[in-house]
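Student: I would like to see how this sequence folds:
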Amino acid sequence: MPAPLGKTPTKKMPKIEVFGLEDSQPTRAAVRFFRERRIVVRFVDLRKKPIDAAELRGFVGRLGDAALLDAADRTANAGGLLSLVRTDPGMLRLPLVRHGDDVTAGLDETTWTAWLAHRDR
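Tutor: Okay, here's the model as predicted:
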């Protein structure tokens, strides 16, 4: 078990933001992944604070709307994506993780490991 982390990241620590639901197992796994590597993450519970329109557009611009929707909910149209997600954030493929300009949707530990390996160089 890693030592408890402070709330303030250091200069060398990457800025990682995790958007998800508190009761979502993949979201908890993402937060645990970074905490085990002693990285402070900014967690945003989408039920308490819905994702901002600009933030969602950034994820859609990088990944595409089909990559953001959960496989069962891909029937939604892209035009109404924001309104659908704001009413039901569980439709998203969680967690949404951002590191600078890089983003991922869903559990993607290989990409996260590459982010951290690039930081160590």
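Student: Any buried residues in the helix or strand hosting Leu82, and which?
Tutor: Per DSSP states H and E, Leu82 falls inside helix 81-87. Neighbour-count burial for helix 81-87 flags 81-82, 84-85 (criterion: 16 or more other CB atoms under 10 Å). All C-beta atoms are positioned from the backbone trio N, CA, C, and that covers glycine.
Student: Other residues contacting the next helix-or-strand element following that helix?
Tutor: Next along the chain after helix 81-87, taking DSSP H and E as the criterion, comes strand 96-99. Applying CB atoms under 8 Å, 6 or more residues apart in numbering, the contact partners of strand 96-99 are 14-20, 30, 51, 58-59, 68, 103-105, 108, 112, 115.
Student: what's the average pLDDT for strand 96-99?
Tutor: Averaged over strand 96-99, pLDDT sits at 94.
Student: Can you name the element that comes right after it?
Tutor: strand 102-105.
Student: Flag every buried residue along that following strand.
Tutor: 103-105.
Student: between those residues, which is closest to Arg38?
Tutor: Thr104 (20.0 Å; CB to CB).
Student: So the closest one sits against Trp112, correct?
Tutor: Yes - the pair formed by Thr104 and Trp112 meets the contact definition of CB atoms under 8 Å, at 7.2 Å.
Student: Can you find the helix or strand of this protein with the lowest average pLDDT?
Tutor: helix 81-87 (a mean of 75; mean pLDDT, DSSP states H and E).
Student: Show residues contacting it.
Tutor: If you take CB under 8 Å, 6+ apart as the criterion, helix 81-87 is touched by 50-51, 53, 56, 60, 65, 68-69, 76, 91-92.
Student: Buried subset of the residues you listed, written for ChimeraX?
Tutor: Selecting the buried subset of the contacts of helix 81-87 in ChimeraX, with 16+ other CB under 10 Å as the burial test, is done by:
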select :50,51,56,60,65,68,69,76,91,92
